[in-house]
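K.L.:
Quick one, structure for this:
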Amino acid sequence: MADANVVEVSGLRFSYGDLEVFRNLSLSIPRGKVVAILGSSGSGKSTLLKLIGGQLQPGGGTVKVYGKNVHQLSPQALYELRLQMGMMFQTSGLFTDLSVYENVAFPIRENFPMPEELVRRLVLMKLHAVGLRGAHAMMPNDLSGGMTRRVALARAIATEPHFMMYDEPFAGLDPISLHQIRLLIRTLNEAIGLTSIVVTYDVHEALQVADYVYVINDGAVLGKGTPQEISSSENPYLKQFVNALPDGPVRFHFPGPSLEEDLRLTGNPSGG
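P.N.:
Residues are numbered from 1 along each chain as shown. Predicted coordinates for the structure are as follows:
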C-alpha cells in the first residue's frame with residue numbers, strides 16, 4: 001500500500017449549468033508526494049478540490065480517495081473520510097471574531113473531545129510549526145496576509161490529516177511570505193508524512209514545490225510530468241503558460257467579430 005495513490009480521478013465530467021468545466025479529466029495523486037495542479041483562472045482548479053472533498057457531485061466519472069468512491073459514500077462515511085483531509089482555503093477562511101488560538105482550537109474541539117490542557121498543547125504545537133506561537137492571542141484582522149495564510153495552515157493540520165489540499169496558497173503574497181508558505185508546504189509534507197495537492201496559477205512557485213505537475217485546460221489534462229519536464233515542454237500551450245508568453249493558443253481577446261466589423265455596425269453593438 002505504500003505506493004498506492006491517495007486520489008484517483010477517472011473520466012471526470014462536471015458542468016455549471018451549460019458551462020462545461022471538466023469533460024474527461026483523469027489524474028492521480030501518489031501517496032507522500034506534493035502534486036501541483038496548474039491552470040489559468042477559470043480552468044476549474046478550485047472546483048476539482050470541491051469534487052474531491054465531496055462538496056459537488058460530478059456529471060460522470062469517478063473520484064476516489066483512499067480507494068473510496070467519494071460520491072457513493074453515506075453522509076457519515078463522507079464525514080469520516082473528510083477527517084483525513086486538511087484544507088487551506090484560497091481566502092484563508094478564518095473566523096474573524098475568534099482569536100488565532102481559538103481558530104486553531106475550533107476543529108480540534110469539534111472533532112475530538114479531550115481535556116482543554118491537551119487542546120492547548122496541540123494548538124501551540126501547530127502554531128509553533130508555522131512560526132506563529134507568539135501570535136496566538138491576536139485577532140485575524142490584525143494579521144498580515146502572510147500570517148493569515150500561516151494560521152489557516154495551522155488550522156488545516158490541527159486534526160492531524162493525512163492528505164492536504166491547498167487552494168491558491170500563493171495568491172496575493174509578498175515575496176517573503178510567499179517563500180515561507182512554499183517552504184512550509186514542502187517541510188510539513190516531509191515531516192509528518194502528508195500527501196498534498198496544490199492548485200495554483202503561480203507557475204514559478206508550483207514548479208519549486210511540487211514533485212509532479214498536472215496542467216489542466218479546456219476541461220482535461222493538457223500536460224503532466226515532473227517540474228523539469230513541464231518547464232522544457234515544447235507543447236504550444238504549456239510553453240505559453242509556463243513562460244507567460246503573450247502569443248500562443250490562449251488568446252487575450254474573447255472570440256467575436258473583428259474590431260473593424262464591430263465599428264461598422266450601427267445601433268447598439270450588444271444587439272439590444
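K.L.:
Show me what the helix or strand V63 falls within is packed against.
P.N.:
Using DSSP states H and E, V63 sits in strand 60-65. In terms of contacts (3 or more Cβ pairs under 8 Å, 6 or more residues apart in numbering; DSSP states H and E), strand 60-65 is packed against strand 5-16, strand 19-30, helix 45-52. Placement of C-beta: from N, CA and C, glycine included.
K.L.:
Could you verify my assumption that N111 touches E160?
P.N.:
No. With contact defined as Cβ atoms under 8 Å, N111 does not count as touching E160 (10.1 Å).
K.L.:
hang on, the earlier thing: buried ones in the strand holding V63, by neighbour count?
P.N.:
G61, V63, K64, V65 (16 or more other Cβ atoms under 10 Å).
K.L.:
Centre-most residue in the chain?
P.N.:
A centroid search over the chain (Cα atoms, centre = their mean) returns D167, at 2.7 Å, as the residue closest to the centre.
K.L.:
what sits against that residue?
P.N.:
Contacts for D167 (Cβ atoms under 8 Å, 6 or more residues apart in numbering) come out as K45, S46, L49, M87, M88, F89, Q90, V199.
K.L.:
which of those residues has the weakest pLDDT?
P.N.:
Note: of these, the lowest pLDDT belongs to Q90, at 77.
K.L.:
Shouldn't M164 be within a helix?
P.N.:
No. Using DSSP: H, G, I helix; E, B strand; the rest coil, the assignment for M164 is strand, not a helix.
K.L.:
ok, it - how many residues close by?
P.N.:
Residues contacting M164 under the criterion other Cβ atoms under 10 Å number 22.
K.L.:
Could you tell me how many residues sit around V35?
P.N.:
By other Cβ under 10 Å, neighbour count at V35 equals 22.
K.L.:
Which other helices and strands does whichever strand or helix holds it contact?
P.N.:
Secondary structure assignment for V35, by DSSP H and E: strand 34-38. Under the contact definition 3+ Cβ pairs under 8 Å, 6+ apart, strand 34-38 sits against helix 45-52, helix 175-191, strand 195-200, helix 203-209, strand 212-217.
K.L.:
List the contacts of the fourth one.
P.N.:
Helix 203-209 has contacts (Cβ under 8 Å, 6+ apart) with 34, 36, 38, 170, 178, 182, 185-186, 198, 200, 213, 227, 230-231, 241-242, 244.
K.L.:
For those, which PyMOL command selects only the ones that are buried?
P.N.:
Remark: buried members of those, expressed as a PyMOL selection using 16+ other Cβ under 10 Å:
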select buried, resi 34+36+38+170+178+182+185+186+198+200+213+227+230+241+242
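K.L.:
Can I get the lowest-mean-pLDDT helix or strand in the chain in CSV, CA atoms only?
P.N.:
Lowest on mean pLDDT, DSSP states H and E among the helices and strands of the chain sits helix 259-264, with a mean of 78. The C-alpha coordinates for helix 259-264 follow below in CSV (Å, rounded to 0.1, in the frame of the first residue of the first chain):
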residue,chain,number,x,y,z
LEU,A,259,-12.9,45.4,-34.4
GLU,A,260,-13.4,46.7,-37.9
GLU,A,261,-16.7,44.8,-38.3
ASP,A,262,-18.0,46.0,-34.9
LEU,A,263,-17.1,49.6,-35.7
ARG,A,264,-19.1,49.4,-38.9
